[in-house]
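Colleague: Sequence plus predicted model, see below.
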Amino acid sequence: MQQNKLQELTDKLYKEGLSKGQQEAEQLLATAKDEAAQIIENAKTEAARIIADAQKSAIDQKVAAESEIRLATRQSMAAVKQELENSILTKTIAEPIKNAVNEKEFMQKMIVSAIEKFNPQGTDAGNLSLLLPADKQQELQKFAEEQLHKQLNQGLSIQFDKSFKAGFKIGVSGSGYHISLTDQDFEALFCNFLRAKVSKILYNKD
């Protein structure tokens with residue numbers, strides 16, 4: 001009788017332990033499934049985020065590349081147009097200007113006119129300085145030293161400068177102020193004046 005009770009107690013404890021173990025195992029399994037599902041969901045979310053970031057980065061890079069291409073195209077076109085305009089202007093203007101500034105009588109008239117503009121009353125121009133091309137010294141020496149003084153009745157500091165090849169520079173001695181009328185200055189002046197007209201002819205601009 002006592003042995004039966006012990007057996008019953010043992011069976012009961014076994015069953016209770018087994019049931020409790022099963023419950024704990026089921027709970028652990030459920031928890032593991034929940035955690036696994038959450039991990040999978042987090043992984044999917046992270047993967048979606050990574051893909052979205054990659055797509056956005058690719059779109060941004062494409063937009064930036066297209067913008068750079070458009071900018072480079074505009075700059076290249078502008079450079080080509082500028083080069084074309086410069087080529088036309090140089091061929092149209094450079095040679096006539098070079099011939100003009102190397103024409104002795106024309107330049108002598110320009111020099112006389114410039115001096116008169118500096119001192120229209122024709123008095124006390126001794127503070128003026130005239131710079132002429134060094135390689136034109138032999139050609140302009142006599143004119144500079146005799147004709148200018150004689151015609152204008154003015155004192156004038158005359159120097160020959162190696163820094164330019166044609167034209168002249170005139171200014172106030174010792175002040176650092178001068179007006180440059182060299183061949184490059186004439187060319188730049190006429191190019192700026194005619195550039196808009198050339199652009200209008202080439203590209204039908206208003």
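Modeller: That came through fine.

Colleague: So the residue most central in space within the chain versus residue 81, what's the distance?
Modeller: Centroid-nearest residue in the chain: residue 75, 9.3 Å away (criterion: C-alpha atoms, centre = their mean). Distance of residue 75 to residue 81, computed by C-beta to C-beta, to the nearest Å: 11 Å. C-beta: built from backbone N, CA, C; applies to glycine.

Colleague: can you check residue 190 too?
Modeller: In terms of C-beta to C-beta, residue 190 sits 19 Å off from residue 81.

Colleague: So for these two, which sits in the more crowded spot?
Modeller: residue 190 (16 against 13; other C-beta atoms under 10 Å).

Colleague: The more buried one - nearest residue in space that isn't next to it in sequence?
Modeller: residue 93 (5.0 Å; C-beta to C-beta, 6 or more residues apart in numbering).

Colleague: okay, now residue 197: neighbour count?
Modeller: Around residue 197 there are 11 residues (other C-beta under 10 Å).

Colleague: Can you tell me the SS state at it?
Modeller: Assigned with DSSP: H, G, I helix; E, B strand; the rest coil, residue 197 falls in the helix class.

Colleague: Tell me where this protein has helices.
Modeller: All helices of the chain, identified by DSSP state H, fall at 2-89, 95-101, 104-118, 137-142, 148-152, 183-203.

Colleague: Let me know the average pLDDT across stretch 90-101.
Modeller: For stretch 90-101, mean pLDDT is 75.

Colleague: sorry, back to before: can you count the residues close to the residue nearest to residue 190?
Modeller: Neighbours of residue 93 using other C-beta under 10 Å come to 18.

Colleague: Does it touch residue 195 like I think?
Modeller: No: the pair residue 93 / residue 195 is not scored as a contact, 10.3 Å apart, by C-beta atoms under 8 Å.

Colleague: per-residue confidence for residue 52?
Modeller: For residue 52, the predicted pLDDT is 87.

Colleague: Report the contact partners of it.
Modeller: By C-beta atoms under 8 Å, 6 or more residues apart in numbering, no residues touch residue 52.

Colleague: separation between it and residue 59?
Modeller: Residue 52 is 10 Å from residue 59, where distance means C-beta to C-beta.
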